[in-house]
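Trainee: The following comprises the amino acid sequence and a computationally predicted model.
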Amino acid sequence: MEESGGRRVGVAVDFSECSRKALSWAVENVVRDGDHLILITVRPEMYYEGGEMQLWEATGTPFIPLEEFSDGAVMKKYEVKPDPETLDIANTAARQKPITVIMKIYWGDAREKICEAVDHIPLSCLVIGNRGLGGLKRVIMGSVSNYVVNNASCPVTVVKVPH
């Protein structure tokens, strides 16, 4: 994808307010004409009824085009529910800029899978939101953005959500 002049801009999305802010920020400040905007979402590892997850558990799904991840029936088979606001940001970006918007879903620990995605896709850069957990919660849960900043092999921008 790089050779065609476009970069691979990754945005970690969990369909929360902070990931929507990160996606909006990436669209406004990072994504340029010809880029691939890749939404990366990580689901918890657990037993899933459908076969899709077992099929893609190790490598993540193939790239899912915007039209497909905007379709609730398609996303149901991955047990992923993108919120309307995230879909609106992605669809608006695709209408307003000559870019390709795709999604890739992983299963497992968000910190590790996002870093894996950086290497396997590979990404030119990554934008991630920060929930701004307090000190104790961050110690207990660990900050995904902090881990990714320290371990990803590409530039990472953390978009903080003001309280």
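Mentor: It's in. Residues are numbered from 1 along each chain as shown.
Trainee: Which of the helices or strands spans residue 10?
Mentor: strand 8-12 (DSSP states H and E).
Trainee: For that strand, give the mean pLDDT please.
Mentor: In this model, strand 8-12 carries a mean pLDDT of 97.
Trainee: Same check on stretch 26-33?
Mentor: 97.
Trainee: Pull out the CA atoms of that stretch and give them to me as PDB.
Mentor: Extracted C-alpha coordinates of stretch 26-33, given in PDB (Å, rounded to 0.1, in the frame of the first residue of the first chain):
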ATOM      1  CA  ALA A  26      -6.900  11.200  13.100                       C
ATOM      2  CA  VAL A  27      -9.300  12.100  10.200                       C
ATOM      3  CA  GLU A  28      -8.800  15.900  10.800                       C
ATOM      4  CA  ASN A  29      -5.100  15.900  11.500                       C
ATOM      5  CA  VAL A  30      -3.300  12.800  10.000                       C
ATOM      6  CA  VAL A  31      -5.200  11.200   7.200                       C
ATOM      7  CA  ARG A  32      -4.200  12.500   3.700                       C
ATOM      8  CA  ASP A  33      -5.500  11.800   0.200                       C
END
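Trainee: Show me which residues of it are buried.
Mentor: 26, 27, 30, 31 (16 or more other C-beta atoms under 10 Å). (Glycine included, C-beta is placed from N, CA and C.)
Trainee: got a list of contacts for that stretch?
Mentor: 6-7, 9, 11, 37, 89, 92-93, 97-99, 125, 127, 157, 159 (C-beta atoms under 8 Å, 6 or more residues apart in numbering).
Trainee: Give me the buried entries from the residues you listed.
Mentor: 6-7, 9, 11, 37, 89, 93, 97, 99, 125, 127, 157, 159.
Trainee: Among these, name the ones in strands.
Mentor: 9, 11, 37, 125, 127, 157, 159 (DSSP state E).
Trainee: if we can go back for a sec, what comes into contact with the strand holding residue 10?
Mentor: 1-2, 19, 22-23, 26, 30-31, 35-42, 110, 114, 117-118, 121-129, 144, 148, 154.
Trainee: quick one: contacts for the closest residue to residue 102 other than its chain neighbours?
Mentor: Spatial nearest neighbour of residue 102, excluding adjacent residues (C-beta to C-beta, 6 or more residues apart in numbering): residue 63 at 4.3 Å. By C-beta under 8 Å, 6+ apart, residue 63 lies in contact with 38, 102, 103, 104.
Trainee: Can I get those residues in TSV including neighbour count and pLDDT?
Mentor: Output for the contacts of residue 63, formatted as TSV (neighbours: other C-beta atoms under 10 Å; pLDDT from 0 to 100):
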residue	neighbour count	pLDDT
38	23	98
102	20	98
103	25	97
104	22	96
